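1. 3D, please:
(chains A and B)
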Number of protein chains: 2
Amino acid sequence: MAKKIDVTELILRDAHQSVMATRLGIEDMIPVCGDLDKAGFWSVECWGGATFDSCIRFLNEDPWERLRTFRKLMPNTRLQMLLRGQNLLGYRHYEDHVVDRFVEKAAENGIDVFRIFDALNDIRNLERAIAAVKRTGKHAQGAISYTVSPLHTIQGFVDTAKKMKERGCDSICIKDMAALLKPQPAYDLVKGIKDACGQDTRVQVHVHATTGVTMVSLMKAIEAGADGVDTAISALSLGPGHNPTESFVEMLEGTGYTADIDSELLLKIKKYFLGIRNNYKEYLSNITGVETEIFKSQIPGGMLSNMESQLKQQKADDRVDEVLEEVPRVRKDSGYPPLVTPSSQIVGTQAVFNVLMGKYKVLTGEFADLMLGYYGETIGPRDPEVIELAAKHAKKEPITCRPADLLKPEWDTLKAEALALPGCNGSDEDVLTVAMFPKVAPKFFTTRDKGPLNLGKESASKPAAPAVDTGKGPVRMEMSYNVKLNGNSHRVTVTPA
Amino acid sequence: MAKKIDVTELILRDAHQSVMATRLGIEDMIPVCGDLDKAGFWSVECWGGATFDSCIRFLNEDPWERLRTFRKLMPNTRLQMLLRGQNLLGYRHYEDHVVDRFVEKAAENGIDVFRIFDALNDIRNLERAIAAVKRTGKHAQGAISYTVSPLHTIQGFVDTAKKMKERGCDSICIKDMAALLKPQPAYDLVKGIKDACGQDTRVQVHVHATTGVTMVSLMKAIEAGADGVDTAISALSLGPGHNPTESFVEMLEGTGYTADIDSELLLKIKKYFLGIRNNYKEYLSNITGVETEIFKSQIPGGMLSNMESQLKQQKADDRVDEVLEEVPRVRKDSGYPPLVTPSSQIVGTQAVFNVLMGKYKVLTGEFADLMLGYYGETIGPRDPEVIELAAKHAKKEPITCRPADLLKPEWDTLKAEALALPGCNGSDEDVLTVAMFPKVAPKFFTTRDKGPLNLGKESASKPAAPAVDTGKGPVRMEMSYNVKLNGNSHRVTVTPA
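-> Residues are numbered from 1 along each chain as shown, chains lettered A, B, ... in the order given. Now for the predicted structure:
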């Protein structure tokens, strides 16, 4: 008997987020949900921060209603979401009761599997969310943010997995968002987790395809005992996306492992999305090949284009090499955070500032917070001199406690703010929408009545325009900087266009 | 010490043949040869039937001169070519002395490694070429055409490898042109060959990337003992092409294997080809994702579009499903040939004829030849009734001997024909050019003086036009059909436009 490998299908969340700028609307998802439900997936990932954001920012679509639609159309498949630990779907730490409420509401509206991660792998930023999920009786999956640095070791990641298991996680996910996980480390890491946490500990592997090596990493992870993998139907796969589901299913033939997925349905789903994909041409990533440069530079593609764009705005395009050399130094000074959202933006922007204005002459508010411990604990020690500068800049003391411990109860305030907004329907879901995206939700509430947009149809009906690489746009999240020049402080906020 | 895995770089032959319609001209190759020579490849594949054809058909470029240029610019790297056994670079069997002369001249002009294959894996079609290579002192590599059918087994392929070894081959290549080789069979096949032929038998693995599984197959092949693999610099990789060289090099880290290739040079070469690639947009394959349908249908993508095009010409588009069901039957009747050029065209066209005109009511000349043994021996028995029809149709008896045994010496005739052509320079190379492509060479000789064209530059200077998928065009080789209708026989010849 071949061992069954569970497959989590990503097409409704991370796949279109990675290759189609998160623009896929519910109208184009509905016709395929029935087939997704029948294909035999362990779970379908369908909800997360960027899709939530895109719903209210671009698609005039209520993300909670989207979730309820999935629940109705996919009654037989686990629905899965990605949760940023104490940040939930936003970019700041929320007070514990907001975390509880969010998890309750997500479970109530349909989520079965909560994949929970923290950019710094600080277990304290995951604890409350894990406990909240356990209370709902749903599946809590702890996700390790995989990265490569002089301090990150297999043993270190295994220790993180052990802590997740101890906190009650039902499974462990290795989350490799930059396609850095090579075959041998994949094998060693899965084996390490199984050996340390018990062979019955469920291990799931999430990899992107960007570097062209990770399909092999999935195979080696499986040989080491991995129980599940993440893939995406081929129509929205590869490039900055993921390995194709159909290829994964086929590759296992004869190996002693099987995915047990209905290939006929996969083909049908693929053909459906190939048709849809055509409509979204202007949002498609123009990266279809592989990028292996990251193995040397350690700088993800999105972060690179981010920094290049910042330099261009300052008419300093010619200094990109200096910035590329500055990034590893800033990363070292800040204790080697994994370079993922938001830490990649924080480190990258600070590197740009260092080059343009002198080393740590100007600190962003976010970088100061990172240095002072307000994002949590980093794997390595942070540079004491830079901590001192950060404290002076931010007028805050460094902390070592769990960042959320400093927060006061905020649910009542958030609720009052939300209820005061025109178009708010008074539900806890609406309060949470405002809490997650306070700048975007108010406008959405006033237009919600008009119903969801289908950007694919809109786009397909427009005359051909030159493709824009929206997936790699310069700004992918709202960020604010305090810039102090000649003694005057300026607060600058940058949002996705 | 990690075991070194040899890498054959395909960018100058199969890579641009597969993803850029074989249009890459020498002017765009010259600047990069120095870096290719220094990167550390075991060999650079740079010559073959399609590139030879494209040189004289589209690029006004002397393929022999191209080879000499490579030799001069890459003095430290083995130059490799693909040879179709007794067919050399053409589509018919050549008499033995032509085979000898061709191999001598190819070696003399610069080829170090001859990869020799036969579409039917009939060892008799390889023997003369192998012996000729051995006489030149160059490397003779026997290539097994990998396919999947009810009769093809690991043991059968291993037996073919043993025969190749016995005939004097210096190494064995598993040639998987349709990306059908899954990881487990890759492992079993390499292990089988090593066990049967000796662990010191050099085994090379050539796979395409089309189905998305073969990077894993390369890893498993290496674990089974493979000594070398074929890859292509990422700028011209994936889709119908091959796995990216850079990814292959990276994926081995920590595995106990190493490719020992200069990554900095790979990046430089990649960037060079990314620039060049832009110029050839109109020739680029529009397939960038994966296609796994072939695992079920057994029908390669190129063959499918071929048949669809034939049906369209006959206004019978609606009968494609019937044809798809007919293909396996025709393949069975003809003894399960691997579906590669030319057998894929032969079987596909006959399936179309069967559906449109009734089962074996009309036979193509090529299909009759295949049934009668004029292409060599098939792995399975051929249907006696269809053989009888073929004999009647072609007015020829079935044969069991080596097809080339029936040929009379032809060098003097070929030479006389060539010398009579305006513009022929009288060299044996020119005679061989005419022998390979008698329909194309005469025109080329008259324009050769004008020097090579650079279709990239031409194309880049033209206003944007809609992309055409030339890589999957309906006709990829010249073929003639004898069509008999109402007692009248018509000879129809189809050539690439």
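
2. In which helix or strand does the closest residue to A:Ile299 other than its chain neighbours reside?
-> Counting by CB to CB, 6 or more residues apart in numbering or on different chains, A:Ile299 lies nearest to A:Val327, which is 5.8 Å off, once chain neighbours are set aside. In short, each C-beta sits where N, CA and C put it, glycine included. Element membership for A:Val327 (DSSP states H and E) is helix A:320-333.

3. How far does the helix or strand following that helix sit from its chain's centre?
-> Later in the chain than helix A:320-333, the nearest helix or strand by DSSP H and E is helix A:343-357. Per CA atoms, centre = their mean, to the nearest Å, the displacement of helix A:343-357 from the mean C-alpha position of its chain is 21 Å.

4. Stretch A:56-67 now?
-> 18 Å.

5. end-to-end on that stretch?
-> Terminal residues of stretch A:56-67 are spaced 13 Å apart (CA to CA, to the nearest Å).

6. Which residues does that stretch contact?
-> The contact list for stretch A:56-67, computed with CB atoms under 8 Å, 6 or more residues apart in numbering or on different chains, reads A:22-23, A:25-26, A:46-47, A:51-52, A:55, A:79, A:105-106, A:109-111, A:429, A:433, A:437, A:440-441, A:444, A:447-448, A:450-453, A:455, A:496.

7. ditto for stretch A:246-263
-> For stretch A:246-263, the surrounding residues in contact (CB under 8 Å, 6+ apart) are A:2-5, A:7, A:38-41, A:215, A:218-219, A:222, A:229, A:231, A:233-234, A:245, A:266-267, A:270, B:182-185, B:211-213, B:216-217, B:290, B:292, B:295-296.

8. Could I get the buried residue list for that stretch?
-> Going by neighbour count (16 or more other CB atoms under 10 Å in any protein chain shown), the buried part of stretch A:246-263 is A:246-253, A:255, A:257, A:259, A:261, A:263.

9. Now do the contacts for the spatially closest residue to A:Asp159 that is not a sequence neighbour.
-> Among residues not flanking A:Asp159 along the chain, A:Ala196 sits closest, at 7.9 Å (CB to CB, 6+ apart). Residues near A:Ala196 by CB under 8 Å, 6+ apart: A:158-159, A:161-162.

10. so where do the strands sit in chain A?
-> For chain A, the strands defined by DSSP state E occupy A:3-4, A:6-9, A:43-47, A:78-83, A:113-117, A:139-145, A:171-176, A:202-207, A:228-231, A:257-258, A:479-485, A:488-494.

11. Export these as JSON lines, with columns for distance to A:Glu65.
-> As requested, those are exported to JSON lines (distance: least, CB to CB, whole Å):
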{"stretch": "strand A:3-4", "distance to A:Glu65": "34"}
{"stretch": "strand A:6-9", "distance to A:Glu65": "21"}
{"stretch": "strand A:43-47", "distance to A:Glu65": "12"}
{"stretch": "strand A:78-83", "distance to A:Glu65": "14"}
{"stretch": "strand A:113-117", "distance to A:Glu65": "20"}
{"stretch": "strand A:139-145", "distance to A:Glu65": "23"}
{"stretch": "strand A:171-176", "distance to A:Glu65": "27"}
{"stretch": "strand A:202-207", "distance to A:Glu65": "27"}
{"stretch": "strand A:228-231", "distance to A:Glu65": "25"}
{"stretch": "strand A:257-258", "distance to A:Glu65": "37"}
{"stretch": "strand A:479-485", "distance to A:Glu65": "29"}
{"stretch": "strand A:488-494", "distance to A:Glu65": "29"}
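
12. what about those, which gets the closest to B:Lys191?
-> B:Lys191 lies closest, by CB to CB, to one member of these: strand A:257-258, at 18.7 Å.

13. Please spell out which residues along stretch A:116-123 are buried.
-> A:116-123.

14. Looking at these, which is nearest chain B?
-> A:Asn121 (21.7 Å; CB to the nearest CB).

15. For the stretch 51-200 of chain A, which residue gets nearest to chain B?
-> Here the stretch 51-200 of chain A gets closest to chain B at one residue, A:Gln184, 3.7 Å apart by CB to the nearest CB.

16. and that residue, how many neighbours does it have?
-> By other CB atoms under 10 Å in any protein chain shown, 19 other residues sit near A:Gln184.
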